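# predicted model and sequence below, questions to follow.
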Amino acid sequence: MAAVAEITSEAAVASNNTTTAANKNDNNNNLDSETKPTSESEFTVQKLVDMFTKLNPLAKEFFPSSYSKNNPNELHFNNFAVPVKQSANDNFPKRKRNNFNQGRRKLNGRAYRAQQEDSIRRTVYVSDIDQHVTEERLAGLFSGCGQVVDCRVCGDPHSVLRFAFVEFADEQGARAALNLGGTMLGYYPVRVLPSKTAILPVNPTFLPRSEDEREMCTRTVYCTNIDKKVSQVEVKNFFESICGEVTRLRLLGDQVHSTRIAFVEFAMAESAIVALNCSGMALGSQPVRVSPSKTPVRPRVTRPAMH
């Protein structure tokens, strides 16, 4: 019995040693597996992610067989319609950029600025003009310097502070006109300087077309700085009470400018001369500015009624 017990105890010790060794081997394997780098598995997963991200869910092979060709904005999954998300700009046609028009617009702008600069170089500024000097007389003074294209007198016609712009056909005429500074014209010597602005041209369609219209211009005055609250009847009463009978009046204005303008035609040319004295008088809440008109007040054309 003692021998059996000794053998049994030796077997148990051997078994424990075997188990301990096996456990150590397992632990070592686990440690090796835990510390083993996972670069190969990570590479495989990353490769799959890259493949899936490159897939197009709207590709033909991903469309179900129940896709409705009649309504391409819906996908049908298990008999349920799923709307396809659209962009807000899908309903509007894309606007094509017209590079030709843009280049043409830039060209027109450059050409206009070049034309304005050329006109400024051909224009002189004249100040200290006598109130009795007319545009024709002023243009005659500078006609010896070159061809006068346009002459525009501005300011209060009854003040020495009147000024004018004289435009020549070429720059040589404008340079020669600078030598006339200090010339007596009327009661005052005029001052002549290079102009910083060009003369705003008058629409040729508004200029007199006949001798009758030229005669109408002698009876017409051009009024500016008219109060917007003043009516056409009030403008007419203002000039008739001071100057004489008004035969035709055209009051113009818009929502952009703060004041209005008017063309007033009188029955007599003497009334138009008297009307020039009204420059600076209050008409409404504004002092009106009156100058001779270059354009006649044409009667309005009545269009035939449409049937």
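Everything's here; your move. Numbering: from 1, shown residues only.
# need the contact partners of the strand or helix carrying D128.
Per DSSP states H and E, D128 falls inside strand 123-129. For strand 123-129, contacts defined as Cβ atoms under 8 Å, 6 or more residues apart in numbering pick out 138, 142, 153, 155, 160-168, 174, 177-178, 185-186, 188-199. Placement of C-beta: from N, CA and C, glycine included.
# just checking, which of those residues belong to helices?
138, 142, 174, 177 (DSSP state H).
# one step back: narrow the contacts of strand 123-129 to just the buried residues.
138, 142, 153, 155, 162, 164-168, 174, 177, 185, 190, 192, 195, 198-199 (16 or more other Cβ atoms under 10 Å).
# show only the entries of these found in strands.
The strands, defined by DSSP state E, take in 153, 162, 164-168, 185, 192 from those.
# export those as CSV, with columns for distance to P296 and pLDDT.
As requested, those are exported to CSV (distance: Cβ to Cβ, whole Å; pLDDT from 0 to 100):
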residue, distance to P296, pLDDT
V153, 19, 81
R162, 24, 77
A164, 22, 86
F165, 23, 88
V166, 24, 92
E167, 23, 91
F168, 27, 93
L185, 28, 91
V192, 32, 95
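# where along the stretch 201-307 of the chain do the strands fall?
Counting by DSSP state E, counting those that start in this stretch, residue ranges of the strands within the stretch 201-307 of the chain are 220-227, 246-252, 259-266, 282-283, 286-287, 289-292.
# could you measure from T247 over to K294?
18 Å (Cβ to Cβ, to the nearest Å).
# keeping just the C-alphas, turn stretch 126-136 into CSV.
Output of stretch 126-136 as CSV, limited to C-alpha atoms (Å, rounded to 0.1, in the frame of the first residue of the first chain):
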residue,chain,number,x,y,z
VAL,A,126,-14.0,130.2,-69.4
SER,A,127,-15.1,132.3,-66.3
ASP,A,128,-15.9,135.9,-65.4
ILE,A,129,-18.3,136.2,-68.3
ASP,A,130,-20.3,139.4,-68.6
GLN,A,131,-24.0,139.0,-68.3
HIS,A,132,-24.6,140.6,-71.7
VAL,A,133,-22.3,138.2,-73.5
THR,A,134,-24.2,135.6,-75.5
GLU,A,135,-23.0,132.1,-76.5
GLU,A,136,-22.7,133.2,-80.1
